[in-house]
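Colleague: Just to be clear, the model below is a prediction. Sequence and coordinates:
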Amino acid sequence: MSHETPSSTATAAHTDVPANGSAAGNGNGDAFENLSHENRKFAPSAEFAANAVVTAADYAEADADRPAFWARQARELLTWSKDFTETLDWSNPPFAKWFVGGEVNAAYNALDRHVENGLGDRVAIYFEGEPGDTRTYTYAQLTDEVKKAANAFESLGVVKGDRVAVYLPMIPEAVITLLACARIGAIHSVVFGGFSADALRSRVDDAEAKLVVTADGTYRRGKPSALKTAVDEALSQAGHTVQNVVVVKRNGQDVDWHEGRDHWWADTVDAASPDHAAVGHDSEHPLFILYTSGTTGKPKGILHTTGGYLTQTAYTHKAVFDLHPETDVYWCTADVGWVTGHSYVAYAPLINGATQVMYEGTPDSPHQGRWWEIVEKYKVSILYTAPTAIRTFMKWGKEIPAKFDLSSIRVLGSVGEPINPEAWMWYRDVIGANAGKNGEKKENPAPIVDTWWQTETGAQMIAPLPGVTATKPGSAQVPLPGIAVDVVDELGESVPNGHGGFLVIREPWPAMLRGIWGDPERFKETYWSRFETMYFAGDGAKKDDDGDVWLLGRVDDVMNISGHRLSTAEIESALVSHPAVAEAAVVGAADETTGQAVVAFVILREDATDSGDEIVQELRNHVGKEIGPIAKPKTILVVPELPKTRSGKIMRRLLKDVAEGREVGDATTLADNTVMSQIAQSLRK
Ligand code: WTA
């Protein structure tokens, strides 16, 4: 066991939540019951603190002059081809401009300059394929690959400002594609490989993509799986803007071929010239669009630009993970289809000159120790993953990681959803304190940094600094230097310590989204109308007695399934698009492993026969087709009615009570108060 004694400084975290009923920990109810007992604190060891790359001085510097702090980071972390003249232009809120007048090339900063600085032989990526194949790219090699891809995309007619849709598995070509787009100023729009052809098509259409980059397929749990078929299906109906499709050969399976449109990566990229000059792009030039779920059915294209995004991702990656690029081996397990895979796989680690591991597959292929085998093999020192993965490993048992030597690990990160204190402690004891296969424990386990942020924020916003902060199991704790986070009540007033409310951001930050692609009104309406002058994150939060922030889950209709964002409305509209469904209501119910699970209540049309399991299976598949396998409801309940208010609003809170097996709460505002007993009765059947 670890040797430290938790300090006795009690942090009596209450469990009061925002007034909005649905905020009650959103699926984390169980975890947060423990909050009131949480009084452990783990200070960094003296040795860790002494060697930390960032100290408490950064907080003081940023507090004294926030823009000046970020201007210093921008100039120190990036090489600008033209220096900026103004740090922040906030004259037209909520539309911010950072590092105005500056010019910078993301790919040059991630690659060429390291080679020019004599680091060409440093490993950039250790790639581990699911079947066990491996590839290593040095910075010099990765630079050549990106230059070739940039030339290839240009030869296919892609120019600065064009949109490129990326539908790839977790293979090095994904990073190469993103950086090649950034190099030429094309705007990438990655669509997670787990999304369906329909979802891909709607994103391709919304962004009006000119090129799609995909692969024949990938490997999932030891089996080849297909990707290109979804691209073919998505593009089978006319009316899209795609001119070319570049296809990486990953698993060699047969693919349909559209002459003239489809090009093998090997024939275009591998064959292209490795000479390509990077030019600086305006600091506010769009870097990428990434679609994410909101409260309505239509996903939003979150837009990020160049200078501010690169500055904050690079700073946070260095500060929060205490990155020592000469010696660390960093591994972020996120897929490039999500924002974490953008900021903390494709961009920040390379900007910072780090060596990283990239793994294609699932944690249990071919055995449940695969991740720990990878950590041991590459001597991973910084591991960044999600609570849902940690809880899965807890279920599999601590004997599995104990079989491996994880002594190289010195920093552990968490992201995507609240991490319950139990999972936090397991992460610390079983992973962070592992001092070798013989079961020995480290005297000073690796610090855990729980990082809160969003697709919209672009980079980490709330997290401990591992060499400074005494960490608390379950809390992301403190806004990072230069970030102005607060918890406010209904009226937008800052709540005192010990109280809960809504998480807001009071000041613009460098990596903030610059808008929603093609929809400036929706940008204002979604994030800047709840509290006029503050960014509304959509999360409930509380401040404990030390003023540390605890995240309590979403307060809107966004669910968090294994750290993946899905909206209730999106799944409801997928369900009602099936001919058998008259009405549907979806809730995120607490789930031990995935945080939340999708539970759907459906009313069938009168002419549809309730064939029991058969219709349920059909509806699950239908959602899989409309959105993707990740959105398939875990449970579908066929009910005679849905609980509605007199104004016709579905009371999801009551359905959540049913889905989580609780006694149904206050139902007095229902238009028809017999509905809940009708539902209960039909479920008993
Ligand atoms: C949730 C992922 C608690 C939160 C980077 C947020 C978290 C949403 C944490 C964004 C955390 C993310 N603790 N909750 N450390 N990190 N969340 O856009 O509800 O996929 O609003 O970005 O995930 O999800 P997104």
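Modeller: Looks like it came in fine.
Colleague: quick one: contacts of the helix or strand encompassing Gln141?
Modeller: Here Gln141 sits within helix 139-155, counting by DSSP states H and E. Helix 139-155 is touched from outside by 107, 111-112, 114-115, 119-125, 137, 164, 172, 175-177, 179-181, 183-184, 186, 211, 246, 268-276, 350, 353, with contacts defined as Cβ atoms under 8 Å, 6 or more residues apart in numbering. Quick note: C-beta positions are derived from backbone N, CA and C, even for glycine.
Colleague: Just these: which are in helices?
Modeller: Mapping the contacts of helix 139-155 onto helices (DSSP state H) picks out 107, 114, 172, 175-177, 179-181, 183-184, 268, 350.
Colleague: can you tell me which two in those residues are farthest apart?
Modeller: For these, the maximum inter-member distance is 25.8 Å, found between His114 and Thr268 (Cβ to Cβ).
Colleague: quick one: which of the two has more around it?
Modeller: Per other Cβ atoms under 10 Å, whichever of His114 and Thr268 has more neighbours is His114, with 24 against 19.
Colleague: distance of the nearest residue to that one once chain neighbours are set aside from Val279?
Modeller: Closest residue to His114 apart from its sequence neighbours, by Cβ to Cβ, 6 or more residues apart in numbering: Tyr139 at 4.7 Å. According to Cβ to Cβ, to the nearest Å, Tyr139 stands 20 Å off from Val279.
Colleague: Show me which of those two is the more surrounded one.
Modeller: Counting neighbours by other Cβ under 10 Å for Tyr139 and for Val279 shows that Tyr139 has the greater number, 24 against 12.
Colleague: how about the residues of the stretch 401-550 of the chain near the ligand?
Modeller: Counting by Cβ under 6 Å from any ligand atom, the residues of the stretch 401-550 of the chain close to the ligand are 415-418, 450-455, 476, 537-539.
Colleague: same deal with the chain?
Modeller: So far as Cβ under 6 Å from any ligand atom goes, the chain lies against the ligand at 292, 338-340, 415-418, 450-455, 476, 537-539, 551, 554, 560, 565.
Colleague: Now, the residues you listed that are in strands?
Modeller: Using DSSP state E, the subset of the residues of the chain next to the ligand located in strands is Thr292, Val415, Asp450, Thr451, Ala537, Gly538, Asp539, Leu551, Arg554, Asn560, Arg565.
Colleague: Which one of the residues you listed is nearest to the ligand?
Modeller: Using Cβ to the nearest ligand atom, Leu551 comes nearest to the ligand of these, at 3.5 Å.
Colleague: how deep is the closest residue to that closest one other than its chain neighbours tucked in, by neighbour count?
Modeller: The shortest distance from Leu551 to any non-neighbouring residue, by Cβ to Cβ, 6+ apart, is to Pro418 (4.9 Å). The local packing of Pro418 (other Cβ under 10 Å) involves 28 other residues.
Colleague: how about the closest residue to the ligand within the stretch 51-200 of the chain, what does it touch?
Modeller: Nearest residue of the stretch 51-200 of the chain to the ligand (Cβ to the nearest ligand atom) works out as Phe192 at 10.5 Å. Each residue near Phe192 by Cβ under 8 Å, 6+ apart is listed here: Asp335, Gly337, Trp338, Gly628, Ile630.
Colleague: so Gln460, which of the three states?
Modeller: Secondary structure state of Gln460, per DSSP: H, G, I helix; E, B strand; the rest coil, is coil.
Colleague: That one against Lys318, yeah?
Modeller: No: if you go by Cβ atoms under 8 Å, Gln460 and Lys318 don't touch, sitting 11.1 Å apart.
Colleague: are any of the contacts of helix 139-155 buried, and which?
Modeller: For these, a burial check counting by 16 or more other Cβ atoms under 10 Å picks out 107, 111-112, 114-115, 119-120, 122-125, 137, 164, 172, 175-177, 179-181, 183-184, 186, 211, 246, 268-269, 272, 276, 350, 353.
Colleague: which regions of the stretch 251-400 of the chain sit below the pLDDT cut-off?
Modeller: Across the stretch 251-400 of the chain, residues meeting the criterion (pLDDT under 70) sit at 297.
Colleague: all strands for it, in order.
Modeller: Under the criterion DSSP state E, counting those that start in this stretch, strands of the stretch 251-400 of the chain are mapped to 262-264, 281-282, 286-292, 300-305, 329-332, 355-359, 382-385.
Colleague: Please state the offset of the shortest one from the chain centre?
Modeller: What that stands for is strand 281-282. Centroid separation for strand 281-282 versus its chain: 26 Å, with Cα atoms, centre = their mean, to the nearest Å.
Colleague: Which SSE is immediately downstream of the lowest-mean-pLDDT helix or strand in the chain?
Modeller: Sorted by mean pLDDT, DSSP states H and E, the helices and strands of the chain end with helix 29-33, the least confident at a mean of 37. Scanning forward in sequence from helix 29-33 by DSSP H and E, the next helix or strand is helix 46-51.
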